[in-house]
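Trainee: Kindly generate the corresponding structure for this input.
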Amino acid sequence: MDVKREISAAKKLRLSGLVIAVVGFVFILVSTLLGIYGYADFHGIDGLKRIVGSIYSNTQFPVLSTVWGVAASPDLNAFFQLKNLPFFGEVVIFLVGVGMIGTASKTLRDIAEADHAATQERRKEQIKKEQEKRIEEQREKEKQKDKDLS
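Mentor: Okay, here's the model as predicted:
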């Protein structure tokens, strides 16, 4: 694949992964707050319910209110049950986004390292040519001195 296309594809993959990871993180955060609210309601912890209720009421914007309605509500009293599967799905989606970011970053890093190595190789060749040129000039000077002396 052409290097420019590979760089472009990696940047697109990184951006897509970033969007997926951010959206997944928001859903995980909202789901966790919903789970904490349910836990506080079940155990009668009114202070915690008020804190989560305050967060809920202060985040009622057009998009976030939809997220509050769609996000999974995990049961923190019995965490490892099938009814918490949507929450684990949100975690998996977040991890997929992070994986996409990591893959794209590794590709871009490898390309940058290869470019750096090629630049270093060109520099080494240029220095070698300059050294050979100086050695040749010194030999010419020595030959000229030998001719002048004889």
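
Trainee: wait, what's in contact with Ile135?
Mentor: With contacts defined as CB atoms under 8 Å, 6 or more residues apart in numbering, Ile135 has no neighbours. For every residue, glycine as well, the C-beta is placed using N, CA and C.

Trainee: Spell out the secondary structure type for it.
Mentor: For Ile135, the assignment made with DSSP: H, G, I helix; E, B strand; the rest coil gives helix.

Trainee: Roughly how far does it sit from Lys141?
Mentor: Ile135 sits 11 Å away from Lys141, taking CB to CB, to the nearest Å as the criterion.

Trainee: same thing with Glu130?
Mentor: 17 Å.

Trainee: cool, Ser16 as well?
Mentor: On the measure of CB to CB, Ser16 and Lys141 end up 63 Å apart.

Trainee: Look at those two and report which has more neighbours.
Mentor: Neighbour totals were compared for Ser16 and Lys141, and Ser16 leads with 14 against 10 (other CB atoms under 10 Å).

Trainee: Now the nearest residue to that one once chain neighbours are set aside: which helix or strand?
Mentor: Using CB to CB, 6 or more residues apart in numbering and skipping residues adjacent in sequence, the residue nearest Ser16 is Met100, 6.2 Å away. Assessed by DSSP states H and E, Met100 sits inside helix 85-149.

Trainee: Off-centre distance for that helix?
Mentor: In terms of CA atoms, centre = their mean, to the nearest Å, the centre of helix 85-149 is found 23 Å from the chain centre.

Trainee: same thing with stretch 60-75?
Mentor: 26 Å.

Trainee: Same check on stretch 131-150?
Mentor: Stretch 131-150 has its C-alpha centroid displaced from the chain centroid by 58 Å (CA atoms, centre = their mean).

Trainee: Could you pull up the mean pLDDT of it?
Mentor: Mean pLDDT, stretch 131-150: 84.

Trainee: so where's the protein shaky on pLDDT?
Mentor: Scanning the chain for pLDDT under 70 picks out the ranges 1, 150.

Trainee: ok, so what distance separates the residue nearest the centre of the chain from Ser31?
Mentor: Nearest residue to the geometric centre of the chain (CA atoms, centre = their mean): Ile101, 3.5 Å. Note on Ile101: its distance to Ser31, by CB to CB, is 21 Å.

Trainee: re earlier: for the residue nearest to the centre of the chain, what are its contacts?
Mentor: Here Ile101 is in contact with Arg14, Gly17, Leu18, Ala21 (criterion: CB under 8 Å, 6+ apart).
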